[in-house]
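How does the following fold in three dimensions:
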Amino acid sequence: MSPAKIIEKALEKGLDIIGITDHNSTRHCKLISKLAATEGIFVLMGAEVTTREEVHCLSFFENDDQLLDFQAYLEAHLPPILNDTKKFGYQVVIDEDEQIIDEIEFLLISALNQSIDQIEQKVHSLGGIFIPAHIDRPSYSITSQLGFIPADLNIDAIEISASCKAESVLPFITKQKDVSIIRNSDAHYEDQIGKVFTTFEMEHRSFDEVKLALHRMLGRNTRIV
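Residues are numbered from 1 along each chain as shown. The predicted model follows:
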């Protein structure tokens with residue numbers, strides 16, 4: 001799953017947009033976005049955040065300043081639990097030549113000490129997109145951890161897993177009936193990239209257009225098969 005391999009696989013699958021969401025880290029977003037731009041691929045840059053309730057949520061940002069701000073927030077609220085490389089592997093940061101330039105010492109799969117409401121508010125204060133991830137899963141999802149989607153939680157969409165049918169999660173969104181449902185590959189390995197995808201109906205590829213599509217505004221929309 002090196003940056004170059006991600007782009008290579010995305011091209012092979014014919015993807016126009018990819019999302020980069022490492023667990024509790026944004027540090028590879030700029031590099032992958034730079035590499036992808038040379039191949040005509042648009043990158044949604046962000047992180048898959050683990051909330052205090054152990055809910056996985058996707059967060060996306062438009063520019064480098066927002067990413068830096070959110071990265072500082074993640075680092076400030078990630079518990080100082082050292083990564084056990086024998087159990088979890090190495091957490092490295094690499095450059096364009098795939099040389100290791102840093103290693104993250106604290107375990108990135110830990111839950112932040114921030115609630116889902118606090119994280120959502122931080123994401124939106126930066127102008128970002130906030131999406132509860134794989135809500136159908138029996139663990140690390142908003143439905144498994146909370147049992148419901150709070151009516152007052154400001155979400156831009158919900159994500160379902162590759163094999164999930166949209167109809168199966170409808171009982172959880174009775175309070176937010178108009179929310180968009182997206183399906184992504186949630187790829188942790190190269191061969192999973194593009195296994196499933198969401199089609200965005202919009203005028204061009206940009207962060208603002210993605211927002212409009214998620215909220216079905218001005219004729220924009222999203223579709224899953």
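
what packs against the helix ranked longest in the chain?
In the chain, with assignment by DSSP state H, the single longest helix is helix 64-77. Helix 64-77 is packed against helix 29-37, strand 42-50, strand 56-61, helix 116-125, with contacts defined by 3 or more Cβ pairs under 8 Å, 6 or more residues apart in numbering; DSSP states H and E. For the C-beta atoms, the positions are set from N, CA and C on the backbone; glycine is no exception.

Alpha carbons of that helix, in CSV - could you do that?
The C-alpha trace of helix 64-77 is given here as CSV (Å, rounded to 0.1, in the frame of the first residue of the first chain):
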residue,chain,number,x,y,z
ASP,A,64,-3.0,21.7,3.4
ASP,A,65,-3.6,24.2,6.2
GLN,A,66,-6.8,22.4,7.3
LEU,A,67,-4.9,19.1,7.2
LEU,A,68,-2.1,20.5,9.4
ASP,A,69,-4.6,21.8,11.9
PHE,A,70,-6.4,18.5,12.0
GLN,A,71,-3.1,16.6,12.3
ALA,A,72,-2.2,18.7,15.3
TYR,A,73,-5.6,18.0,16.8
LEU,A,74,-5.1,14.2,16.3
GLU,A,75,-1.7,14.3,17.9
ALA,A,76,-3.0,16.3,20.8
HIS,A,77,-5.8,13.8,21.6
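
Distance of the residue with the largest distance to the centre of the chain relative to Ser25?
The C-alpha centroid of the chain is most remote from Lys86, which lies 26.4 Å away (Cα atoms, centre = their mean). Counting by Cβ to Cβ, to the nearest Å, the gap from Lys86 to Ser25 is 21 Å.
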